[in-house]
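Participant: coords please:
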Amino acid sequence: MFRLILCLLMLALALYEISPLFFGESEKGIQELPTVGEVWSDLSSDSLQLLQPAIERHLWQGPLIWETVMLPLLLTPLWQIWSGLALIFLILFLLRPPRSRARF
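Facilitator: Numbering: from 1, shown residues only. Purely as a prediction, here's the structure:
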């Protein structure tokens, strides 16, 4: 049940992020939607500023990891991340075997 609630919450957040496109409140279109990096910066800019040097200095192939994995992730629109996570949780929810309840 928790997975279903989590999945519905993520879908609701994704719809909330793209709702200005549906209701005509967005003049710029898809370019106005917030990215993961923008939201992370709004929530905690210090941790975002510390992340790049930490990855580049302490991980093997750190600069390559930053350029090929983290930078595209930070530039991804947030609604795509919420939708992707919701889809993963929905698939996990639907694939789990049903519980068998013991009867006394």
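
Participant: which residue is nearest the middle of this structure?
Facilitator: The centre of the chain sits closest to residue 81, judged by Cα atoms, centre = their mean, with a distance of 3.0 Å.

Participant: excluding its backbone neighbours, what's nearest that one?
Facilitator: Nearest non-adjacent residue to residue 81, counting by Cβ to Cβ, 6 or more residues apart in numbering: residue 36, 5.9 Å away. Using the backbone N, CA and C atoms, a C-beta is placed for each residue, glycine as well.

Participant: try residue 51
Facilitator: Per Cβ to Cβ, 6+ apart, closest to residue 51 is residue 70, 7.4 Å.

Participant: shouldn't the residue nearest to the centre of the chain be in contact with residue 37?
Facilitator: No - counting by Cβ atoms under 8 Å, residue 81 sits too far from residue 37 to count as a contact (11.2 Å).

Participant: got a list of what the residue nearest to residue 51 touches?
Facilitator: Contacts for residue 70 were tallied using Cβ atoms under 8 Å, 6 or more residues apart in numbering; they are 51-52, 55.

Participant: one step back: roughly how far apart are the residue nearest to residue 81 and residue 52?
Facilitator: 14 Å (Cβ to Cβ, to the nearest Å).
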